[in-house]
Every structure is written in C-alpha cells, then in structure tokens.
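Chemist: starting from these lines, generate the structure:
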Amino acid sequence: MQTTDETTPPHSLSDWKVLFPYWKSEEKWWAWALLGGTIGLSVLYVQSAVWFGAWYHRFFDAFFAGQVGHCLGMLPLYLLVTVGSVGIHVTQTYLTQVLSMRWRLWNTRVYLRQYLSEEAYYRLEHGPNRADNPDQRIADDLSQMTVQTLKLGLDAIDAVTTLLSFAVVLWNIGGVLSFDWGGHHFGIPGYLFLGAAITTLAASGILERFGSPLIGANYRQQHFDADLRAGLMDIRRNSEQIAFYGGENAEHLRLSGYLSHIATNWRSVVRYTWRVNFIGELYTGVATIPLWLMLAPKAMAHALSFGLYSQINSAYTQVRLSLEWFIFNYADLATMRSVLQRLGEFERVVSQQPQSGIERSASESPTVQTRDLALCRPDGTPITRIGTLTMEGGERWLVRGPSGSGKSTFLRALAGLWRHGSGDVSFNIRQAMFLPQRSYVPSGTLRQALSYPATPDRYETASCQKTLEAVNLAGYSHRLEEVAEWGDVLSPGEQQRLAVARALLFRPAILFLDEATSALDETNERRLYEALLSTLPDTTFISVAHREALKVFHDHEIVLGTENALIFHA
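Modeler: All right, here's what the predicted structure looks like:
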C-alpha cells in the first residue's frame, strides 16, 4: 500500500496513448461522425456568438441614438437566432453524451478482455509488477477519462474556434496603436489582440509553475480512496470471520490508517488547489484592466462610442476566455492527467508477458507429463524438484508432504499460475479442472454457482439435482433458481461439496484437487471420493491432501519435503 510520502510514478507521454485506440476501432465511423457533428455544431454556436456581438453594436448605437422603432424591428431576428443557438447548444450536448457513453463502453469491454485474459487478473495481485485497485481503474478511471477528455477536448475546440473568430474581429476593430518614442514613430497593429494574448499566456505560465504538484496529489488521492473502498469490501466479504474473532477494533485501526492517508494527502490537494484557484481568480479579477489601459488613447481622442466599446469588450472577453482555457481547466486537466497515468500504468502491467520459467503446453492426451520440473520461490530459493514424471490417463495420484513442502505450489505450476522455477508441464488443459481448497462461489442463482465456470443453461435441471444429491446437498436441490450470496449461505464444507458437484457435471479428463475436501469429516470426504471415482472412472486424478485415509483412493503417491520428490506406486 502506498503511503503519502512515497514518490508518485512519473508522468509519461505514453500515458496519453490510452486515448487513441477507440478512434481506430471497429466503431471509428460512428465515433468520428459523432465527433464531427459535435465540432460542427460548436462552430455554428461560435458563429452565432460573433453575430450577436455585431448585433449588439448596431442595436446599442441605435438605442442610445433614440431610434427605438428601429431597435424594436431588430428584435424578431434576434429571437429567431437565439432559438437556433439554443437548439444548436442542446443538440451538441446530447451528441457529446452519446459519444461519451459509447467510448466508455468500448474501452471497458477492451479492458475487461485484457484483465481476464492470460491470468492478468492473477498477475496484478500476485506478480512482481502490480497495479493497485484494478477495479477502480476499470470502473471509475475509464468513466472519468471519457467524460473529462470529451469535456476538455470539446471545450478546447470551442476555445480555438472562438479565438480564431473573435481574433479577426478584435484585430480589425481595434485598429493600430500609434505612438512616438525616442524620436521615432511606432505603430502596433492588432494591439488589443496581442495584449490579451501576452497577459493570458503569462498567467498560464505562472499557473503551471505553481500548480503542477496538483497532478501527483490527485494521483495519490485516487489511490488512497480506492484503498479505503477495498478495505470496506474486505469487511463485507469476511464479516463472519471478523465477528468470530471480535476484530472490530483491529478493523477500525486498519480503516483509520487508510483514512489518515486520505486526510494527509487531501491537505496537499487542498493546498495546491488553493494555489491554482488563487492565481486563476486573481487574474480573472484584473483581466479587464489591460483592456481599459489599451482603450485609453481612443477614449481620450473621443473615438470610442458605447456601441463600439460594447463590441470591443465582447470580442476582447471572448478572446481572453479562449486563451484562458488552460487556466480555467487546470484543476480538471490535473485530474485527467492523473487518471491517464493510472490507466497507462494498468495497461503496461497487463500487457507484460508472464515471466519465463516453468513452461506449460497443451496436448490432447489425458496424460500429465513433467520434464525436469523444479519449483523455486520468487527469490530463486529452491523448494523441491519433481523431475520427469508421467501420470497416465485414468491414474490416481496423491501428493503429500509437510506444510511448506510445495504441494499447492506444484498444482499452481501445473495450472500455469506459478512460473518460478524451471522445466515443462504438458496435459490437456482444455479438459482439465482445478478444485482449490477455498472454492469461488459467485453470487446469483444456485444454478449459476453450481454450473460455474460454464453458463447456467449448460446442464439440465435433473442433472443438477442428481449431482447435488450425490454430494450430500440434496436439501438445496429445490433452490436452484434462488438468487443469494451463496458464498455466505453455504458453509466451507458445503462450498467444497458444491465444487465437487461441478466436477461431476463437467466430467473433466484431468482433475486436480488441492485439499478440496479438507473442511469435511471423513465420512463425507469418503463419500465424495467414491462419487468421483464411480462417476469419472477414466479421469486422471491428482490430489493434494494430508489425511492418510485418502491413500486408499489413489494408486500412486508423490511425497514432497526433500530436495527431490519421492515417487511411490501401488
């Protein structure tokens, strides 16, 4: 877990690459069409603003000249353009929302495929390179990325369009600033536009100088918020165990630590946000002063009417606001850059290939083969050596040994989850099934939990009920369509019986059991093994277990605990 004094990973230009795949995807025509329509409406909206500026000039000149009748005649066209302008704006907002949702859905589907392929979800939690809280990055960061990118991007396009449109107006109506200095005559064309550009860019540079730490603070804040949510989810998932231990004080201390990190880092966020807001608000408050100073010569020469000032002020304000896009959106830009940083980090970790070491290959045979297989810890320390071994189809192998001897690690190596070591393993991966000691029980209907990892419609109701009876869960056979948190409803022993029921339904060619019956009494354990052997007589069994009573169900034995595994045959 990151602490508040740890260095935030450096921002990289490669983080911005996460924005581009959607625009080159199979949905690119829809994406570009929606974006083009949005930009086109934005241009029309800006042009309506230019029209309003010129209209105000004519209207107020006529109004203050007492030409009220002429002013009233101008109002119908004004109302018509206003209705059109409003229609353009709301349609642009609608298209933006549609594009945002389509982009988010596409990105989420891609990230889910990456997350659930090649055991990336496992490597993110157990590998040497990890990315904290992948759930937040997929659910929250992707949503923020699409919303913020479109908002800031379209605002930037609006700003550029507005700048180009009103810069021409301001350049033309502002004229040339002429003055004599040092015996020379000088003229600065478009001085009103140049003055707006220079002052705004100077303020933007100051803002970047003092506000850049906000990016790192936002990155850390998202991390700490996700830690707190993950801690609360831990309590929800393990509420019974915590209640048995009476661990309320320990959990309160743990969550308080997460909250302390949030509070400490939040002070940094508040401090840097205060800087950004102070500079931005101060500039906004004094931004009109340069315009007044630049218009002073025209006012002194009596060349400035109210209508002309109204048009100049409107154009100057639009130019200034366009150039101030960076200032007004700095806090949002900092948030988006931190979001892109987290997504870029996620993509880099997910795209990394699993480390080399133990190689696993698929075959069509029910035989499990190992060649020169050696298991090591992540630091390279040897655990045990299995060597070259052939487990023929239909054979039953028992893996035994003291705790820490590498029994579960051996099965993880066969599953491709443990690559620390050397050698090769080969078997029919497609027709293999692994039953861990603690089985995963998804929420939903009992039929979904029983059918997992297949879909609920894979097995007929009669087969499901018969299988539940075979594993001594007949009392649940009438509840197949009941929706519940079955991981909380079923006891650990019942969850293990449910896992064996899955194997009976799936009928694998190879079945790996990693202490899959350890929570059961000997009577139920014997009943399950008898059901497995009678229902799956041709299946290859590899069982990890401690109990001597299971030896009777196996005809081969691997004993770990020495430098080299000991192999015994019946």
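Chemist: from what I can see residue 324 touches residue 200, true?
Modeler: Yes - the pair residue 324 and residue 200 qualifies as a contact (Cβ atoms under 8 Å) at a distance of 5.6 Å. No exception for glycine: its C-beta is placed from N, CA and C like everyone else's.
Chemist: average model confidence for the longest helix seen in the chain?
Modeler: In the chain, assigned by DSSP state H, the helix with the most residues is helix 68-115. For helix 68-115, mean pLDDT is 87.
Chemist: and what of stretch 217-236?
Modeler: Per-residue scores along stretch 217-236 average to 77.
Chemist: stretch 382-399 too?
Modeler: 88.
Chemist: how about stretch 275-292?
Modeler: 72.
Chemist: do stretch 171-178 as well
Modeler: The pLDDT scores in stretch 171-178 average 68.
Chemist: now the phi/psi pair for residue 425, please.
Modeler: When read as degrees, to the nearest 10, the backbone of residue 425 gives phi -130, psi 150.
Chemist: report the secondary structure state of residue 434.
Modeler: Three-state assignment for residue 434 (DSSP: H, G, I helix; E, B strand; the rest coil): strand.
Chemist: who are the neighbours in contact with residue 210?
Modeler: 275-276, 279 (Cβ atoms under 8 Å, 6 or more residues apart in numbering).
Chemist: how close does it sit to residue 152?
Modeler: 21 Å (Cβ to Cβ, to the nearest Å).
Chemist: do residue 273 as well
Modeler: 17 Å.
Chemist: just the mean pLDDT for stretch 553-570, thanks.
Modeler: Mean per-residue pLDDT for stretch 553-570: 74.
Chemist: err, stretch 538-546, not the other one
Modeler: For stretch 538-546, mean pLDDT rounds to 88.
Chemist: and the nearest residue to residue 527 once chain neighbours are set aside, how far from residue 531?
Modeler: Once flanking residues are discounted, residue 527 sits nearest to residue 472: 6.3 Å by Cβ to Cβ, 6 or more residues apart in numbering. Noted for residue 472: a distance of 9 Å to residue 531, by Cβ to Cβ.
Chemist: could you do residue 517 as well?
Modeler: Taking Cβ to Cβ as the measure, residue 517 falls 11 Å from residue 531.
Chemist: who touches both of these two?
Modeler: Jointly contacting residue 517 and residue 531 under the rule Cβ under 8 Å, 6+ apart are residue 500.
Chemist: name the residue in these two with the higher neighbour count.
Modeler: Just comparing residue 517 and residue 531: by other Cβ atoms under 10 Å the higher neighbour count belongs to residue 517, 26 against 20.
Chemist: go ahead and confirm the more buried one touches residue 527.
Modeler: No - using Cβ under 8 Å, residue 517 is not in contact with residue 527; the gap is 9.7 Å.
Chemist: if we can go back for a sec, shouldn't the residue nearest to residue 527 be in contact with residue 497?
Modeler: Yes - with contacts counted by Cβ under 8 Å, residue 472 reaches residue 497, the gap being 6.1 Å.
Chemist: what's the overlap in contacts for those two?
Modeler: Residues touching both residue 472 and residue 497 by Cβ under 8 Å, 6+ apart: residue 524.
Chemist: quick one, what contacts residue 554?
Modeler: 396-398, 541, 543, 570.
Chemist: if we can go back for a sec, who has more neighbours, residue 472 and residue 497?
Modeler: Of the pair residue 472 and residue 497, residue 497 is the one with more neighbours under other Cβ under 10 Å, namely 27 against 18.
Chemist: how about the helices of the stretch 151-300 of the chain, start to end?
Modeler: Here the stretch 151-300 of the chain has its helices, by DSSP state H, counting those that start in this stretch, at 191-211, 213-237, 239-245, 248-286, 288-300.
Chemist: same check, this time on the stretch 401-550 of the chain
Modeler: Going by DSSP H, counting those that start in this stretch, the stretch 401-550 of the chain shows helices at 407-415, 446-451, 461-470, 486-489, 492-506, 522-535.
Chemist: the fourth one: which residues count as buried?
Modeler: Spelled out, it's helix 486-489. Within helix 486-489, the residues that count as buried by 16 or more other Cβ atoms under 10 Å are 486, 489.
Chemist: who's in contact with that helix?
Modeler: Contacts of helix 486-489 (Cβ under 8 Å, 6+ apart): 237, 240, 440-444, 446, 449, 495, 498.
Chemist: what mean pLDDT does it have?
Modeler: Confidence for helix 486-489, expressed as mean pLDDT, is 84.
Chemist: so how far is that helix off the chain centroid?
Modeler: Centroid separation for helix 486-489 versus its chain: 28 Å, with Cα atoms, centre = their mean, to the nearest Å.
Chemist: then stretch 189-201?
Modeler: Worked out by Cα atoms, centre = their mean, stretch 189-201 lies 42 Å from the chain centre.
Chemist: could you do stretch 335-344 as well?
Modeler: So, by Cα atoms, centre = their mean, the centroid of stretch 335-344 is 10 Å from its chain's centroid.
Chemist: how about stretch 85-94?
Modeler: The answer for stretch 85-94 is 30 Å, by Cα atoms, centre = their mean.
Chemist: just stretch 193-204 next, same as before
Modeler: Its chain's C-alpha centre and that of stretch 193-204 lie 37 Å apart, by Cα atoms, centre = their mean.
Chemist: buried residues in that stretch?
Modeler: Quick answer for stretch 193-204 (16+ other Cβ under 10 Å): 193-197, 199-200, 203-204.
Chemist: next, the spatially closest residue to residue 162 that is not a sequence neighbour: phi, psi?
Modeler: In space, and not counting its chain neighbours, residue 162 is closest to residue 322: 4.5 Å by Cβ to Cβ, 6+ apart. Phi and psi for residue 322, reported as degrees, to the nearest 10, are phi -60, psi -50.
Chemist: what sits against residue 322?
Modeler: Residue 322 is in contact with 158-160, 162-163, 166, counting by Cβ under 8 Å, 6+ apart.
Chemist: what about burial for these, which qualify?
Modeler: 158-159, 162-163, 166.
Chemist: pLDDT added to these, as JSON lines?
Modeler: Compiled in JSON lines, those are given as follows (pLDDT from 0 to 100):
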{"residue": "158", "pLDDT": "78"}
{"residue": "159", "pLDDT": "79"}
{"residue": "162", "pLDDT": "76"}
{"residue": "163", "pLDDT": "76"}
{"residue": "166", "pLDDT": "74"}
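Chemist: looking at those, which are in strands?
Modeler: Using DSSP state E, no member of the buried ones among the contacts of residue 322 sits in strands.
Chemist: since that was my last question, I'll sign off now.
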